[in-house]
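Enquirer: What follows is a predicted protein model with its sequence.
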Amino acid sequence: MTEKEYREHPAISRSELFKISESPEKFKYYQEHPEEPTPSLIFGQLFHAMALQPETVGEQFAVAPNIDRRTKAGKEAFAEFEAKSENKTIVTTDIYKQAQEMCEALSCNEFVQKLLKGEKEKVFFWDDDLTKEPCKCRTDCLIKLGDNLIVVDLKSTENAETEAFMKSAIKYGYDFQSAMYSKGVEVNTGKKPIFVFIAIEKKPPYAINILQADELFVRRGYDLFREYLGIYHDCKQTDNWYGYLGK
């Protein structure tokens, strides 16, 4: 399943559901007015493609040539490049090189390579047992090591040091993600997985940390999953996508 097909599937995803934490009103607005990808999001998509599915990079991205677009010839050359790159995301040479160097750092780490030998970008669908809402998730990598089924999630970050990363994890809802993904995998496989983060810094020397989501972390995330999905379900039933004032 392509990323486009996955995004267009009507089941609710983690990234969509997490917007409920701002307010149902904002969630509804974002659904009806999709935001343009930010530079940070584009970089994340490029890095993930390079690290997990390098064979797809050329289909999804085009590297902008170093052209002086202040000149007439430069403008014409860049316009020709854009025409040839239709339906691809255009990235700069610097961004492309940064993602390449991060992937090289991953390839030099034996523990990372062991974790990333599983099935990449595997999609799971399921109906929530309480609300009956259709849900979906796409794991970066799913691997079985011994008797353990492991969900591996690759994160680029400013600081991969354990305490700093865990603060970011709470801020960006990685606990909620670990719980939702674990639930989807368990429903589909019948086996409760372990959830592991590979965190890599976005600046040289591209330091790497590997962290397992412990039971308390996942349990907190599951409470959030139940809360957000419950709000989503109730808003759908009542068609009341309320804001900060509860109306």
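Expert: It's in.
Enquirer: What confidence value was assigned to residue 71?
Expert: For residue 71, the pLDDT comes out at 83.
Enquirer: Provide the backbone phi and psi angles at it.
Expert: Phi and psi for residue 71, reported as degrees, to the nearest 10, are phi -100, psi 160.
Enquirer: Compute the number of surrounding residues for it.
Expert: Residue 71: 10 surrounding residues under other CB atoms under 10 Å. Every residue, glycine included, has its C-beta placed from N, CA and C.
Enquirer: show me the biggest strand of the chain in terms of residues.
Expert: strand 134-145 (DSSP state E).
Enquirer: Show me what that one is packed against.
Expert: Applying 3 or more CB pairs under 8 Å, 6 or more residues apart in numbering; DSSP states H and E, one finds that strand 134-145 contacts helix 39-52, helix 110-115, strand 119-127, strand 148-157, helix 174-189.
Enquirer: Pull up the pairing partners for the very next helix or strand once past the last one, direction included.
Expert: Helices and strands here follow DSSP states H and E; after helix 174-189, the next one along the chain is strand 194-201. Sheet pairing for strand 194-201, assigned by DSSP bridges, gives strand 148-157 (parallel), strand 208-212 (antiparallel).
Enquirer: by how many degrees do the longest one and strand 134-145 diverge?
Expert: Interaxial angle, strand 148-157 versus strand 134-145 (axes from the mean of the first three to the mean of the last three CA atoms, to 10 degrees): 110 degrees.
Enquirer: what pLDDT, on average, does strand 148-157 get?
Expert: 97.
Enquirer: related to what we said a few turns ago, switch the helices and strands packed on strand 134-145 over to CSV; also include distance to residue 242.
Expert: Below are those laid out as CSV (distance: least, CB to CB, whole Å):
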stretch, distance to residue 242
helix 39-52, 27
helix 110-115, 42
strand 119-127, 25
strand 148-157, 32
helix 174-189, 21
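Enquirer: Which stretch among those is buried most, on average?
Expert: helix 174-189 (a mean of 22; mean count of other CB atoms under 10 Å).
Enquirer: right, and the helix or strand after the helix or strand bottoming out on mean pLDDT in the chain?
Expert: In the chain, the helix or strand scored least confidently by mean pLDDT, DSSP states H and E is helix 72-84, which has a mean of 78. Next along the chain after helix 72-84, taking DSSP H and E as the criterion, comes strand 89-91.
Enquirer: Does anything pack onto the next helix or strand after that next one? Which helices or strands?
Expert: Moving toward the C-terminus from strand 89-91, the next helix or strand (DSSP H and E) is helix 93-107. With contacts defined as 3+ CB pairs under 8 Å, 6+ apart, helix 93-107 has these neighbours: helix 39-52, strand 61-63, helix 110-115, strand 194-201.
Enquirer: Can you point out the buried residues in helix 93-107?
Expert: Across helix 93-107, burial judged by 16 or more other CB atoms under 10 Å covers 95-96, 98-99, 102-103, 105-106.
Enquirer: got the angle between it and strand 194-201?
Expert: 130 degrees.
Enquirer: tell me the average confidence for helix 93-107?
Expert: pLDDT averaged over helix 93-107 gives 96.
Enquirer: so that helix versus helix 39-52, what angle?
Expert: Here the directions of helix 93-107 and helix 39-52 differ by 40 degrees (the same axes, to 10 degrees).
Enquirer: what's in contact with helix 93-107?
Expert: Helix 93-107 is contacted by residues 42-43, 46-47, 50-51, 54, 61, 63-64, 66, 112-113, 116, 156, 198, 200, 202, 204-206, 208 when judged by CB atoms under 8 Å, 6 or more residues apart in numbering.
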